[in-house]
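Undergrad: Sharing a sequence plus its predicted fold:
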Amino acid sequence: MKQSHRLYTIKEVASRTGISTQLIRKWEERYGAVAPVRLPNGYRGYTKQDLDTLIWLKKRVDESVPIGMAVMEHKSRSAAEAEKEREPILREWLNPAEQEAPAADRQAAVNRMLDYFERLDYPSAQRYFEQLMNMHSFDDLLMNIMKPALFELGERWESGRISEYQEHFGSHFIRDKLITLRNLLRAAPDSPLLVTACGPGERQELGILFLGFFATQQGFRVAYLGASPAEKGILDCLREMKPAAFVFSFSSHDRYEAALPFLRLLDARIPADSPHTLVFIEGRGVEEDKPIPGGSATFLIAGDGPAALAKIKSRLGQP
């Protein structure tokens, strides 16, 4: 990572600013002096801007200005300007340029994570996930370790090798990590709105959460409606929010077929309610790219999260 686009630990900040870690925390919590990034492992991450702010505040305090007044003075600068400076740092941190790990190493990581899931060992799974974050790019970690672990978890449950509670534990662990990572990114207010959800009748969330993470990473505003949202709610969202696109995920072809009457209804409502909206259907239940039967604005798209997102962007005319 570039030196200018790195995050600093609180100990590094204390060393560089001459302010104790206790005083840094006090200034943060009592006066809101800085707002460090909260990383998935719970640690604080400080930007170069945070360092400069603390150095400036210390100088004012040394000049006998009360810290509360100094913070108010410093905050008179534009908050939007500060956020604009932080966003590239998070984007670079979430998408480093490391090479993918060898296949054997990835499989060993999958097996180790699955072992923790089967033992319901959350502390060990969390510590190992933090180690993997430091060893892999995020795309590599999500697509080549966590997603295969998810699929293997499901196969072990379906074959009777593990119990349902073990599958639920592992699935919820992965789900929580995806949401945490996605929430570290913020899209511009005028970015295209992508409304994502499990399709009607579908309750397996992780496939669509993977896609939503990559969409947020690439600058979309993503609104997630959850598992099997109400059909009326989807139609209301089309009419009122007029998103650039809906993306629904199905884990089987049978579930997609069961939802097809509603998808045709949604497609028929688009010309009157939101003419520029497109609808995309993805997931393990989709095997080829094509429009749905009888539809004009609703498309099946095959492939994993990044591949499906690339097709969505192409259809929407996004670079």
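TA: Sure, I can see it.

Undergrad: can you pull out the strands in the stretch 151-300 of the chain?
TA: 193-198, 221-224, 245-249, 278-282, 290-291, 298-300 (DSSP state E, counting those that start in this stretch).

Undergrad: want to try CSV for the ones you listed, with mean pLDDT, mean neighbour count and distance to Pro148 as columns?
TA: Bear in mind the C-beta positions are built from the backbone N, C-alpha and C, glycine included. Output for the strands of the stretch 151-300 of the chain, formatted as CSV (pLDDT from 0 to 100; neighbours: other CB atoms under 10 Å; distance: least, CB to CB, whole Å):
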stretch, mean pLDDT, mean neighbour count, distance to Pro148
strand 193-198, 94, 23, 21
strand 221-224, 92, 19, 23
strand 245-249, 96, 27, 18
strand 278-282, 96, 23, 18
strand 290-291, 94, 12, 27
strand 298-300, 96, 22, 24
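
Undergrad: Dump those strands into JSON lines; add distance to Phe129 as well.
TA: Putting those into JSON lines (distance: least, CB to CB, whole Å) gives the following:
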{"stretch": "strand 193-198", "distance to Phe129": "23"}
{"stretch": "strand 221-224", "distance to Phe129": "21"}
{"stretch": "strand 245-249", "distance to Phe129": "23"}
{"stretch": "strand 278-282", "distance to Phe129": "26"}
{"stretch": "strand 290-291", "distance to Phe129": "38"}
{"stretch": "strand 298-300", "distance to Phe129": "33"}
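
Undergrad: which one of those lies closest to Ala125?
TA: Judged by CB to CB, the one of those that comes nearest to Ala125 is strand 221-224, at 23.5 Å.

Undergrad: From what I see, Ile67 and Ile24 are in contact.
TA: No. Ile67 is beyond contact range of Ile24, at 11.6 Å (criterion: CB atoms under 8 Å).

Undergrad: So for those two, which residue has more residues nearby?
TA: A direct count of neighbours by other CB atoms under 10 Å for Ile67 and Ile24 places Ile24 higher, at 22 against 17.

Undergrad: which residues sit in contact with the more buried one?
TA: Ile10, Val13, Ala14, Thr17, Val34, Leu54 (CB atoms under 8 Å, 6 or more residues apart in numbering).

Undergrad: Show the pLDDT at it.
TA: pLDDT recorded at Ile24 is 92.

Undergrad: before we move on, the earlier item: most neighbours among the contacts of Ile24, which one?
TA: Ranking the contacts of Ile24 using other CB under 10 Å puts Leu54 first, with 24 neighbours.
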